[in-house]
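**Student:** Prediction below, plus the sequence it came from.
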Amino acid sequence: MLKRFSISLEEKLLDIFDEHIKARSYSNRSEAIRDLIRKTFIKEEWQSDKQVMGVISLVYDHHQHKLQEKVTLVQHDYHHHIVSTTHVHMDHDNCLEVIVVRGKAKEVQELADQLIALRGVRDGNLAMSSTGKSLH
């Protein structure tokens, strides 16, 4: 069931918010506000070390000595958190590894930190999410 409420914002803040809505192609302010609220609660789930899901992305030089082997070893250490992996050859030198993960937030963050810190990883990111069950 939807409930309506109103909020008051300074004109400049509302202008910035409307630009945010336009840039992200939201159909209206309500959708954008719902999304911001959900993101806040998902962030809280991560901070309270609840069961979460995420995606780790790594870009690395496949010529880096034994890097692929090290990536695999770390993944095996955390095998119970890994749902799926995809390996993409970006070009002659670079690979993209996408790893879907699930588990306690702290352990998933540890996995991401270990992978991102490996020598030869050029870029790494952990995108955090959850089922959002508590948001319905």
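**Tutor:** Now that the structure is in, tell me what you want to look at.

**Student:** from here on, contacts and neighbour counts on C-alpha atoms
**Tutor:** Will do.

**Student:** what about the strands in the chain?
**Tutor:** Along the chain, the stretches classed as strands by DSSP state E are 51-61, 82-89, 94-104, 121-129.

**Student:** Select, out of those strands, the one closest to residue 43.
**Tutor:** strand 121-129 (7.9 Å; Cα to Cα).

**Student:** buried set for the closest one?
**Tutor:** For strand 121-129, a neighbour-count test (16 or more other Cα atoms under 10 Å) marks 121, 124, 126, 128-129 as buried.

**Student:** ditto for stretch 10-25
**Tutor:** Buried, per 16+ other Cα under 10 Å, within stretch 10-25: 17-18, 21.

**Student:** same question, stretch 23-34
**Tutor:** residue 32.

**Student:** CA-only coordinates of it in CSV, if you can.
**Tutor:** What follows is stretch 23-34 as a C-alpha-only set of coordinates in CSV (Å, rounded to 0.1, in the frame of the first residue of the first chain):
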residue,chain,number,x,y,z
ALA,A,23,20.4,12.6,-15.2
ARG,A,24,19.3,9.2,-14.0
SER,A,25,16.1,9.1,-16.0
TYR,A,26,13.7,8.7,-13.1
SER,A,27,10.1,9.2,-14.1
ASN,A,28,9.3,11.2,-11.0
ARG,A,29,10.5,12.5,-7.6
SER,A,30,8.8,9.7,-5.7
GLU,A,31,10.8,7.0,-7.6
ALA,A,32,14.0,8.8,-6.9
ILE,A,33,13.2,9.2,-3.2
ARG,A,34,12.3,5.5,-2.9
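
**Student:** what does that stretch rub up against?
**Tutor:** 18, 21 (Cα atoms under 8 Å, 6 or more residues apart in numbering).

**Student:** go again using 10 Å as the cut-off
**Tutor:** 4, 17-22, 35-40 (Cα atoms under 10 Å, 6 or more residues apart in numbering).

**Student:** Return the distance of that stretch from the chain's centre.
**Tutor:** Stretch 23-34 has its C-alpha centroid displaced from the chain centroid by 20 Å (Cα atoms, centre = their mean, to the nearest Å).

**Student:** Where is the longest helix in the chain?
**Tutor:** When the chain is parsed with DSSP state H, its longest helix is helix 29-47.
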